[in-house]
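In: sequence unavailable; structure follows:
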């Protein structure tokens with residue numbers, strides 16, 4: 001006879017902190033099953049969204065990362081002697097708690113029923129958090145390295161205006177600059193996107209690396225604030241700036257941009273989540289979307305404008321990979337070759 005969690009002792013645990021070896025009650029009736037594999041799936045903004053769990057008998061379940069799920073012991077009983085669940089991995093003390101009776105009775109802090117014949121009320125076991133396997137670190141460029149990025153001598157609006165004045169009559173630059181010179185708000189996602197687009201247009205369309213770098217540096221010095229939507233614009237600017245500096249022979253400055261781009265990857269302080277995020281990140285680098293199907297479809301349809309838009313997205317992906325130093329599937333040399341091809345295609 002099987003039992004649902006309601007019929008067995010269990011506690012709840014947040015899906016984001018499940019670990020291999022935990023016993024999870026799957027939907028429906030049945031005892032708790034041991035977790036043997038866990039993967040983390042991100043949404044389109046790079047935020048962890050789903051936990052993909054596989055159990056010993058081959059069962060699998062998808063769980064929203066913030067959900068609380070029933071977790072039990074190997075036989076469907078409560079772990080840790082009845083301890084309440086915490087939102088961090090907990091381990092029982094290896095030595096007995098002072099006051100525990102050798103025959104399993106309650107300690108001094110326990111509550112027994114009158115007469116002592118009825119079972120004593122469960123007392124939470126003492127638990128302590130385990131030490132992290134690897135101490136979390138946050139890496140980033142040093143102050144000396146950051147000094148390689150020139151200090152602005154004008155306001156951000158003046159930098160944009162100077163770029164527009166250098167290219168009169170260019171409609172794309174004019175439209176973006178007209179919006180930006182009215183006031184640049186670095187808390188606005190649309191404003192950051194306009195700055196990133198302007199930097200790309202200046203370099204790709206107009207072959208003006210100096211003004212492109214000046215505009216991109218308005219974004220490049222912004223720290224990661226946890227908002228993936230805003231950070232995507234900064235990320236685009238950093239990857240572009242890194243490539244431009246390498247083209248100009250400014251290798252050390254390019255490495256500073258690379259470090260700034262990768263800095264958010266080291267911010268996770270939970271060792272388990274950090275390992276999962278690193279695994280997912282590496283998979284994304286190894287299996288990037290290079291829009292091959294979309295580009296070939298546009299070529300087949302003779303739609304040059306659509307082909308160019310898809311190639312621009314491919315170029316952004318290649319620049320991002322180059323700023324990460326390549327991946328297991330695309331080395332630096334191959335990326336440099338592909339970036340040169342895409343630049344020629346979109347500029348031609």
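Out: Thanks, I have the structure now. Keep in mind the model is a prediction, meaning the values are calculated, not measured.
In: my guess is residue 328 meets residue 283, correct?
Out: No: contact between residue 328 and residue 283 fails when scored by Cβ atoms under 8 Å: they sit 9.7 Å apart. All C-beta atoms are positioned from the backbone trio N, CA, C, and that covers glycine.
In: so between the two, which is more surrounded?
Out: residue 283 (13 against 10; other Cβ atoms under 10 Å).
In: distance-wise, check the more buried one relative to residue 39.
Out: 9 Å (Cβ to Cβ, to the nearest Å).
In: need the overlap of contacts for the two.
Out: Listed as contacting both residue 283 and residue 39 by Cβ atoms under 8 Å, 6 or more residues apart in numbering is no residue at all.
In: mind checking how far residue 23 is from residue 227?
Out: In terms of Cβ to Cβ, residue 23 sits 37 Å off from residue 227.
In: who has more neighbours out of these two?
Out: Taking neighbours as other Cβ under 10 Å, residue 23 and residue 227 compare with residue 23 leading, 21 against 14.
In: quick one, what contacts residue 313?
Out: Residue 313 makes contacts with residue 291, as judged by Cβ under 8 Å, 6+ apart.
In: residue 23 touches residue 72, doesn't it?
Out: Yes: at 5.1 Å, residue 23 counts as touching residue 72 under the criterion of Cβ under 8 Å.
In: where does pLDDT dip in the protein?
Out: 1-10, 29, 45-46, 73-140 (pLDDT under 70).
In: and the helices in it?
Out: All helices of the chain, identified by DSSP state H, fall at 143-146, 156-165, 171-180, 189-200, 209-220, 228-247, 251-262, 271-286, 292-300, 304-323, 332-347.
In: dump those into TSV; add distance to residue 19 as well.
Out: Formatted as TSV, these follow (distance: least, Cβ to Cβ, whole Å):
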stretch	distance to residue 19
helix 143-146	37
helix 156-165	46
helix 171-180	48
helix 189-200	35
helix 209-220	38
helix 228-247	26
helix 251-262	27
helix 271-286	6
helix 292-300	38
helix 304-323	31
helix 332-347	36
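In: break this structure down into its domains, please.
Out: 1-86, 143-347 (automatic domain parsing).
In: off-centre distance for the longest one?
Out: Meaning domain 143-347. 17 Å (Cα atoms, centre = their mean, to the nearest Å).
In: ends of that domain, what's the gap?
Out: 37 Å (Cα to Cα, to the nearest Å).
In: how about residues contacting the lengthiest strand in the chain?
Out: Counting by DSSP state E, the longest strand found in the chain is strand 33-42. By Cβ under 8 Å, 6+ apart, the list of residues contacting strand 33-42 from outside reads 18-26, 48-57, 59, 62, 65, 74, 273, 276-277, 279-280.
In: tell me how far residue 242 lies from residue 216.
Out: According to Cβ to Cβ, residue 242 stands 10 Å off from residue 216.
In: what's the closest non-adjacent residue to residue 274?
Out: Closest residue to residue 274 apart from its sequence neighbours, by Cβ to Cβ, 6 or more residues apart in numbering: residue 268 at 4.2 Å.
In: surely the one you found touches residue 280?
Out: No: between residue 268 and residue 280 there is no contact under Cβ under 8 Å: 11.4 Å.
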